[in-house]
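Q: Please work out how this folds:
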Amino acid sequence: MSETKHTAAPDDRELTADEIEALVREYDSESNFRDLKGLVARLVTIACVALSIFHVYTAGFGLLNEVTHRTIHLTFVMGLVFLVFPRRRASPTRRLWIDSAIFGTFYLYIIYDLVMALPPSALTYIFAAVMVLLTVLTLPIKGRGVPGSKVALRDWVFAILGAGFSLYLVLFFRDVFITNVGSPRPQEYMMGLIAIIMTLEATRRTMGPTLAFIGVFCVAYAMLGPYMPGIMGHRGYNILRIINHLYVGTEGIYGVAVGVVATYVFHFVLFGILAQMSGLGQLFIDLATIVAGRASGGSAKVSVVSSGFFGMISGSPIANTVTTGAFTIPLMKKSGFTPRFAGAIEASASCGGQVTPPIMGASAFVMTEMLGVPYNEIILIAIIPAAFHYLAIMLMVHLEAKRLGLSGLSADKIPQFKAVLSKSWHLFVPLGVMVALLLMQYTPFLAAFWGIILTIVFSYVPLLMRGLGNTSMDTGTVLTPPRLVRGFEDGAKFALAIGAACACVGFLLGITTLTGLGFKFSAAVVELAYDLAGFMTAIDFTGLLNEKSMALFFGLVFVAIACIIMGAGIPTTPTYIILASIAAPALMKFDIPLIATHFFVFYFGVLADVTPPVALAAYAAAGLARSDPMQTGMTAFRLSMGKALVPFMFIYAPSLLFVDFSMVEFVAALISGIVCIVALSAAYIGYFKAPLHTLDKVALTIGGLLLISTSWLAMAIGGALVLAIFLRNARSATPAVS
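A: Coordinates of the predicted model:
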């Protein structure tokens, strides 16, 4: 469905900084911070700066042992979460009570189960009473003060307990992990129960109820295994075994998910914050304007390029959408694009940054950790799929601009390259050094360390040049001590939500290893895929369908749907870790290369941010564009067509990922992929040299999808169909409708 030309409405003003901040808080759970004042604000600042300094120091001078490093990280994170994030979001009270009833019932059940399992003593009963009181405190009882701004007494209690369960392991490391290893004492079980409740509450505050519900389900599944139906059943585990598995060691809360945040993700979040404060975001916008501004529909192409640049180092698609969209969306609307299309372009391009090398929003380093594949190989593998994604967006932008008869930006709005280089050359140094160190296979945290240090050092270049008489540089981007403190504070704050989320993901990872949940999910997907494939081949009177290939297709579809559902409203890094543990093993049952399965689930997990009904990036863009959120989400999903199709392409042709490489397969897949994207882009926009009729759109869609096939006959038919329509439309081309 195509768009109609938009005439700027009187309310098409640019949003103020306060309105943009409110928009970020509404849609980006990771940025929903309290507006703290006074002593509490100073305390939080000190703790955040201390956390950032800890990570910068250990990145440069050596990490601690993995348990100590992760427990220190979570001590700060869990303590700060309850001070920085309000406990209530803007949602109906009835829903709050429903959520609290579910969590409260679960908490009371595991408290009762643990008390019954521990030896009876005064300490046990006192602990039980305290835990029941703690459960009551999680209920949505309205407190005094302005909701979301005041730190209530219960928040201090949660903060102390949240920091306490990790601090306990730091202080009693020898007793827990050496002296009494394998035989936890009652106090370890008690601290473990506190850890479970506080982790779920922290996740609910920062990410909403979805991921916390997953954590509840995982623990309940481990306990209720004998009552589960069919293939999902198992022998079941008591609360002591579950707490020991999740709390003591590196299988659960302190597992690989928290590990990658504490050693990789935190550093790149901090680097991204400092780099943006030093002017890197504006540099990306300027470069994108120079590269794409003059082309037809230049404002939208600037959005695509700048969002791709910024998305590579941004860990949050929503924050990326709002940061770059505040500039690009009003520009697109003034250029003639509809509000819906402008918001959708920004959302789709911003989410694309998460799949774009060399940094991929820190996901490249998580893949390196989980797959054991060198970083160099990960970014090489990611190039072609990312290029397909941006090719699809750029083509649809170009065709829409041609259909509407839109021109590029005027010359006065395009900065001069020499001027940009003259005032911003110093910003390339930290980013260049960091990428060079990564390519030289230094550890990611060491590369991030030098990226952070050089960002701070080179931010003073404008001040130095101003002293030498060069007044073209902006001295407002210098990271002076007060601004550096603010940067360290913001970097830590933006890492809190993902830290809490990954601690909760540890529940899923721990229960998966304990119960074999991942293998059971895999078996269920394979069984369902083969059942459906058997049904399809049974009713196929042509004899063309093959049961194995049909089972693969249905398996891919089922896993893709599961990835989108599980990735809804969850940040990229924990989403990928969840999907890699649960969904990826299902695809390996079809003899798909390991790296291809991980990229498949990663792509569809990222796609969740622009897939209604939980398309948070698209909804944030709709807020900026003042368009209908659901319609903007649907348009953003269609613009992300490349991200939805590319995973199927590289599953059927692994050579696109340089896996089991064959030059013939690679070239054929590359050409057919490009033609497929061109065909589907034209079909969606409804224009190629001239407006397309409905039958043309249907034919292009069918032809494009046939090009994804591994059958040479299907590819030939699809290619011929697409070529015939394009040639006919080119001959009958008429001037674009304005």
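Q: how about the nearest residue to the residue nearest the centre of the chain, chain neighbours excluded?
A: With distances taken as C-alpha atoms, centre = their mean, Thr572 lies nearest the centre of the chain, 2.0 Å away. For Thr572, ignoring the flanking residues on the chain, the nearest one in space by C-beta to C-beta, 6 or more residues apart in numbering is Gln354 at 5.1 Å. For glycine as for every other residue, the C-beta is placed from the backbone atoms N, C-alpha and C.
Q: thinking the one you found is in contact with Phe310, fair?
A: No. The pair Gln354 / Phe310 is not scored as a contact, 11.2 Å apart, by C-beta atoms under 8 Å.
Q: higher neighbour count, the two?
A: For Gln354 and Phe310, the more surrounded residue by other C-beta atoms under 10 Å is Gln354, and the numbers stand at 32 against 26.
Q: what's the more buried one in contact with, if anything?
A: Contacts for Gln354 (C-beta atoms under 8 Å, 6 or more residues apart in numbering) come out as 311, 317, 360-361, 363, 572, 606.
Q: returning to that earlier point: give me the local confidence score for the residue nearest to Thr572.
A: Looking at Gln354, its pLDDT is 81.
Q: hang on, it in a helix?
A: Yes. Per DSSP: H, G, I helix; E, B strand; the rest coil, Gln354 lies within a helix segment.
Q: circling back to that earlier point, redo the contacts of Gln354 as CSV? Include secondary structure, distance to Gln441 and pLDDT.
A: Shown next, in CSV, are the contacts of Gln354 (DSSP: H, G, I helix; E, B strand; the rest coil; distance: C-beta to C-beta, whole Å; pLDDT from 0 to 100):
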residue, secondary structure, distance to Gln441, pLDDT
Gly311, helix, 24, 72
Pro317, helix, 28, 79
Met360, helix, 17, 78
Gly361, helix, 20, 70
Ser363, helix, 18, 76
Thr572, helix, 24, 81
Val606, helix, 26, 85
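Q: Need the residues you listed in CSV (columns: distance to Val526).
A: Output for these, formatted as CSV (distance: C-beta to C-beta, whole Å):
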residue, distance to Val526
Gly311, 34
Pro317, 31
Met360, 29
Gly361, 31
Ser363, 27
Thr572, 27
Val606, 25
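Q: quick one: which of those is nearest Arg340?
A: Ranked by distance to Arg340 (C-beta to C-beta), the contacts of Gln354 are led by Pro317 at 18.5 Å.
Q: Now for that closest one, how many residues are close by?
A: With other C-beta under 10 Å as criterion, Pro317 counts 30.
Q: Give me the buried positions along whichever strand or helix holds Leu74.
A: Here Leu74, judged by DSSP states H and E, is contained in helix 66-84. Residues 66-67, 69-84 are the ones in helix 66-84 that count as buried (16 or more other C-beta atoms under 10 Å).
Q: Mean confidence (pLDDT) on stretch 49-69, please.
A: On average, stretch 49-69 scores 93.
Q: returning to what we had before: check the contact between the residue nearest to the centre of the chain and Gly605; I expect there is one.
A: Yes. Using C-beta under 8 Å, Thr572 is in contact with Gly605, at 7.1 Å.
Q: low-scoring pLDDT stretches of the stretch 151-300 of the chain, where are they?
A: The model of the stretch 151-300 of the chain has no residue with pLDDT under 70.
Q: where do the helices sit along it?
A: 153-171, 173-174, 186-207, 209-223, 239-247, 256-260, 266-277, 280-292, 298-313 (DSSP state H, counting those that start in this stretch).
Q: Which helix runs longest in the chain?
A: helix 481-515 (DSSP state H).
Q: what's the following helix or strand after that helix?
A: Using DSSP H and E, the first helix or strand after helix 481-515 is helix 517-538.
Q: ok and that following helix relative to helix 481-515, angle-wise?
A: Relative orientation of helix 517-538 versus helix 481-515 (axes from the mean of the first three to the mean of the last three C-alpha atoms, to 10 degrees): 70 degrees.
Q: domains in this protein, as residue ranges please.
A: 33-248, 672-738 (automatic domain parsing).
Q: what's the closest of those domains to Tyr576?
A: In terms of C-beta to C-beta, the element of the domains of the chain nearest to Tyr576 is domain 33-248, at 13.5 Å.
Q: isn't Ser655 right up against Phe666?
A: Yes. Counting by C-beta under 8 Å, Ser655 touches Phe666, with 3.9 Å between them.
Q: Determine how far stretch 583-599 lies from the middle of the whole chain.
A: 20 Å (C-alpha atoms, centre = their mean, to the nearest Å).
Q: Assign Gly543 to helix, strand or coil.
A: coil.
Q: separation between the residue nearest to the centre of the chain and Ala560?
A: Distance, Thr572 to Ala560, using C-beta to C-beta, to the nearest Å: 17 Å.
Q: who touches Ala495 in this structure?
A: Ala495 neighbours (C-beta under 8 Å, 6+ apart): 77, 261, 265-266, 269-270.
Q: could those residues be laid out in JSON lines, adding distance to Ile393?
A: JSON lines is the format used below for these (distance: C-beta to C-beta, whole Å):
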{"residue": "Val77", "distance to Ile393": "35"}
{"residue": "Val261", "distance to Ile393": "30"}
{"residue": "Val265", "distance to Ile393": "26"}
{"residue": "Phe266", "distance to Ile393": "30"}
{"residue": "Val269", "distance to Ile393": "25"}
{"residue": "Leu270", "distance to Ile393": "29"}
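Q: Quick check: of those, which lies closest to Asp28?
A: The closest of the contacts of Ala495, once distances to Asp28 are taken by C-beta to C-beta, is Val269, at 13.3 Å.
Q: For the closest one, give me its contacts.
A: Val269 neighbours (C-beta under 8 Å, 6+ apart): 315, 362, 491, 494-495, 498.
Q: quick one: which of those is nearest His693?
A: Closest to His693, out of all of the contacts of Val269 and judged by C-beta to C-beta, is Gly315, at 44.0 Å.
Q: Give the next helix or strand downstream of the host helix or strand of Glu346.
A: Using DSSP H and E, Glu346 maps to helix 339-352. Sequence-wise, the next helix or strand downstream of helix 339-352 (DSSP H and E) is helix 363-371.
Q: hmm, back to that, check the offset of the helix holding Leu74 from the chain's centre.
A: That offset, for helix 66-84, works out to 21 Å (C-alpha atoms, centre = their mean).
Q: could you say what helices and strands it packs with?
A: In terms of contacts (3 or more C-beta pairs under 8 Å, 6 or more residues apart in numbering; DSSP states H and E), helix 66-84 is packed against helix 38-61, helix 153-171, helix 186-207, helix 256-260, helix 481-515.
Q: among these, which is nearest Ala615?
A: Among the helices and strands packed on helix 66-84, if distance is taken as C-beta to C-beta, the winner is helix 186-207, at 16.2 Å.
Q: Report the angle between that closest one and helix 153-171.
A: Using the same axes, to 10 degrees, helix 186-207 lies at 130 degrees relative to helix 153-171.
Q: Just say helix, strand or coil for Val559.
A: Looking at Val559 with three-state DSSP, the answer is helix.
Q: Check the burial of it by counting its neighbours.
A: So Val559, with other C-beta under 10 Å, has 27 neighbours.
Q: That one and Ile592, how far apart?
A: Here the criterion is C-beta to C-beta. By it, Val559 lies 10 Å from Ile592.
Q: between those two, what contacts are shared?
A: Phe600.
Q: My understanding was that Ala620 contacts Ala22; is that so?
A: No. Ala620 lies out of contact with Ala22 (C-beta under 8 Å); the separation is 11.0 Å.
Q: Between those two, which is the more surrounded one?
A: Comparing Ala620 with Ala22 by other C-beta under 10 Å, the one with more neighbours is Ala620, at 30 against 13.
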